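S.K.: Okay, predicted coordinates and the sequence, questions at the end:
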Amino acid sequence: MALLQRLATGVLDALLPPRCLCCGGAVDRQGGLCAPCWSGLTFIAPPLCAGCGTPFDFALEGEPLCAACIAEPPVYARARAVLAYDDGSRPLLLGFKHGDRIHAAGAYGAWLARAGAELLADADLLAPVPLHRLRL
């Protein structure tokens, strides 16, 4: 079965060469990013706020909260994001959300699973944030 899958992948890659999810340039595998686009992304990683997941500049003891979560605690317990919303991630996110570029869902799912791994073990609910019904 694995041989058949590799053969099918090779044929598809020959017919539809892998392209960067962001700029459309050539990449080595489906669902990948070219080096310039990859280096333009800001992945969110620890240290971060234990509540909303906002990154901190330096590590703090325990499970620290950011000033926003202390001033006005959110209605949820914890949340995480994969990328900072900036010039590097904007084309990816807007293309996926508004441009029907759903071919990137596999890569985004893997990134989300890695970013939320610590939350998934004891999560009661995993919920996407959809567009407003008037923007669909």
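M.R.: Thanks, I have the structure now. Numbering: from 1, shown residues only.

S.K.: I'd like the distance between residue 94 and residue 85.
M.R.: 10 Å (Cβ to Cβ, to the nearest Å). In short, each C-beta sits where N, CA and C put it, glycine included.

S.K.: I misspoke; the intended subject was residue 51.
M.R.: Separation of residue 51 from residue 85 (Cβ to Cβ): 18 Å.

S.K.: Same drill for the two, tell me which one is more crowded.
M.R.: A side-by-side neighbour count of residue 51 and residue 85, using other Cβ atoms under 10 Å, places residue 51 first with 19 against 11.

S.K.: ok, that one - contacts?
M.R.: The contact partners of residue 51, by Cβ atoms under 8 Å, 6 or more residues apart in numbering, come to 65-66, 69, 73-74, 77-79.

S.K.: Recalculate using a threshold of 6 Å.
M.R.: Residue 51 makes contacts with 65, 69, as judged by Cβ atoms under 6 Å, 6 or more residues apart in numbering.

S.K.: what does residue 53 give?
M.R.: With contact taken as Cβ under 6 Å, 6+ apart, residue 53 is in contact with 79-81.

S.K.: mind checking pLDDT for the residue nearest to it when sequence neighbours are not counted?
M.R.: With Cβ to Cβ, 6 or more residues apart in numbering as the criterion, residue 53 has its nearest non-adjacent residue at 4.4 Å, and that residue is residue 80. Looking at residue 80, its pLDDT stands at 90.

S.K.: What of residue 69?
M.R.: 95.

S.K.: Which strand or helix spans it?
M.R.: For residue 69, the element it lies in under DSSP states H and E is helix 67-71.

S.K.: Please point out which parts of that helix sit buried.
M.R.: The neighbour-count check on helix 67-71 (16 or more other Cβ atoms under 10 Å) flags residue 69 as buried.

S.K.: separation between residue 32 and residue 25?
M.R.: 10 Å.

S.K.: any low-confidence regions in the chain?
M.R.: By pLDDT under 70, the low-scoring segments of the chain are 1, 131, 135-136.

S.K.: Kindly recompute the last result at 90.
M.R.: Along the chain, segments meeting pLDDT under 90 span 1-19, 21-24, 28-32, 60, 62-63, 76-79, 95-104, 112, 116-136.
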